[in-house]
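K.L.:
sequence-free structure coming up:
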């Protein structure tokens with residue numbers, strides 16, 4: 001098993017989709033945080049990747065009202081999908097609640113591709129393995145407490 005690891009450095013730009021389910025999926029990102037006084041690292045492992053196919057996009061949100069709007073993400077990273085897992089670290093985050101979104105951009109076009117019905121055709125997932133009904137899960141369903149989690153695991157579907 002080969003794992004890709006990367007520390008957060010820069011925030012990539014994502015393409016915005018149309019309204020509803022396609023919009024949040026097109027720029028899917030991970031994360032949700034309620035800010036506290038202490039800074040820490042947030043470790044995220046994305047599993048069930050197709051090795052050597054495109055990139056992995058990981059985004060973090062810290063506010064329920066922003067989740068999962070791509071332009072309102074708190075932080076994001078893009079790493080190569082070299083093996084069946086990828087790991088990223090978001091450093092210096094306040095301890096709190098975060099929601100994370102990840103997807104595999106298989107064709108490297110900078111967005112989560114979807115079919116004619118607006119359903120994703122590239123693998124994606126959320127923290128807590130949260131799933132929504134006719135759209136993304138809620139911030140509460142996907143959020144994790146960064147102080148309680150050593151590594152957040154996201155399984156792509």
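P.N.:
Happy to help now that I have it. Source: prediction; values computed, not measured.
K.L.:
Would you mind checking which helix or strand in the protein has the lowest mean pLDDT?
P.N.:
When the helices and strands of the chain are compared on mean pLDDT, DSSP states H and E, helix 21-26 comes out lowest with a mean of 42.
K.L.:
Between the two ends of stretch 57-77, how far is it?
P.N.:
Counting by C-alpha to C-alpha, to the nearest Å, the length from the leading to the trailing residue of stretch 57-77 is 6 Å.
K.L.:
ok, then the element right after the least confident helix or strand of the chain?
P.N.:
Scanning forward in sequence from helix 21-26, with DSSP states H and E defining helices and strands, the next element found is strand 39-47.
K.L.:
Quick one: mean pLDDT for that following strand?
P.N.:
When the per-residue pLDDT values of strand 39-47 are averaged, the result is 90.
K.L.:
And the contacts of it?
P.N.:
Among residues not part of strand 39-47, those counted as contacts by C-beta atoms under 8 Å, 6 or more residues apart in numbering are 3, 30-31, 56, 58, 60, 84-95, 98, 100, 102, 125, 127, 146-147, 150-156. All C-beta atoms are positioned from the backbone trio N, CA, C, and that covers glycine.
K.L.:
what about 7 Å?
P.N.:
If you take C-beta atoms under 7 Å, 6 or more residues apart in numbering as the criterion, strand 39-47 is touched by 30, 56, 58, 60, 85-95, 98, 100, 102, 146, 150-156.
K.L.:
and the helix or strand just after it, what does it pack onto?
P.N.:
Per DSSP H and E, strand 39-47 leads on to strand 55-61 as the next helix or strand towards the C-terminus. In terms of contacts (3 or more C-beta pairs under 7 Å, 6 or more residues apart in numbering; DSSP states H and E), strand 55-61 is packed against strand 39-47, strand 75-80, strand 85-94, strand 97-105.
K.L.:
Please spell out which residues along the third one are buried.
P.N.:
Of the residues in strand 85-94, those buried by neighbour count under the rule 16 or more other C-beta atoms under 10 Å are 85-88, 90, 93.
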